[in-house]
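# For reference, the sequence and a predicted model appear below.
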Amino acid sequence: MPAKPSPWHAALEESLEAAGFGLPLGYELRWHPLPPFDDWIVHISGSGHDAAVLITAHQMTMSENLISLVNDNAAGRLIKIIATPNSREIESELIERLEKSSIHLLRYEI
């Protein structure tokens, strides 16, 4: 958990744990803020090695640019995840683009 967690962080962590994205057992999270938003890059590691990267779109807009950013900048075999609230409506074109990519979509309650 980050030094100053937002109220929705616990819900995101619960959703991540239940998602079954193939994360290592006993994984650890390192939270890095993305100012000026209440959004974060979360590095997920297990046994001292990076396993995944998660970008939150809590306040940021879900867009093709965000999907491209994650796809183009997350190293090779890392599991890539974009997390956004359940209440956020996502355009069908973006859902299709995510499905064609190697990026998982994680939804959480706020």
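The structure has been received and is ready for your questions.
# Quick check: which element contains the spatially most central residue of the chain?
The centre of the chain sits closest to L54, judged by C-alpha atoms, centre = their mean, with a distance of 2.9 Å. With secondary structure defined by DSSP states H and E, L54 is part of strand 49-56.
# So for that strand, mean pLDDT?
In this model, strand 49-56 has a mean pLDDT of 95.
# Please name the strands paired to that strand in the sheet, noting orientation.
strand 40-46 (antiparallel), strand 79-85 (parallel) (DSSP bridges).
# Deepest-packed of the ones you listed, please.
For those, the largest average neighbour count (mean count of other C-beta atoms under 10 Å) is found in strand 79-85, namely a mean of 21. (Glycine included, C-beta is placed from N, CA and C.)
# So what touches that strand?
By C-beta atoms under 8 Å, 6 or more residues apart in numbering, the residues outside strand 79-85 that reach it are 8, 12, 15-16, 21-23, 44, 51-58, 62, 66-67, 70-71, 74, 90, 98, 101-110.
# before we move on, what about stretch 102-110?
Contacts of stretch 102-110 from elsewhere in the structure, counted by C-beta under 8 Å, 6+ apart, are 7-8, 11-12, 14-16, 19, 21, 54, 58, 67, 70-71, 79-87, 90, 95, 98.
# Equivalent analysis for stretch 17-25, please.
Contacts with stretch 17-25, where a contact means C-beta under 8 Å, 6+ apart, come from L16, I44, S45, G46, S47, A51, A52, I79, I81, H104, L106.
# Would you work out how far apart the start and end of that stretch are?
With C-alpha to C-alpha, to the nearest Å as the measure, stretch 17-25 spans 10 Å from end to end.
# my read: the residue nearest to the centre of the chain touches H9, true?
No: contact status for L54 versus H9: not in contact, 11.5 Å apart, counting by C-beta atoms under 8 Å.
# And the helices in this structure?
According to DSSP state H, the chain carries its helices in the segments 9-19, 64-73, 92-100.
# In TSV, list these along with mean pLDDT.
Formatted as TSV, the helices of the chain follow (pLDDT from 0 to 100):
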stretch	mean pLDDT
helix 9-19	96
helix 64-73	90
helix 92-100	93
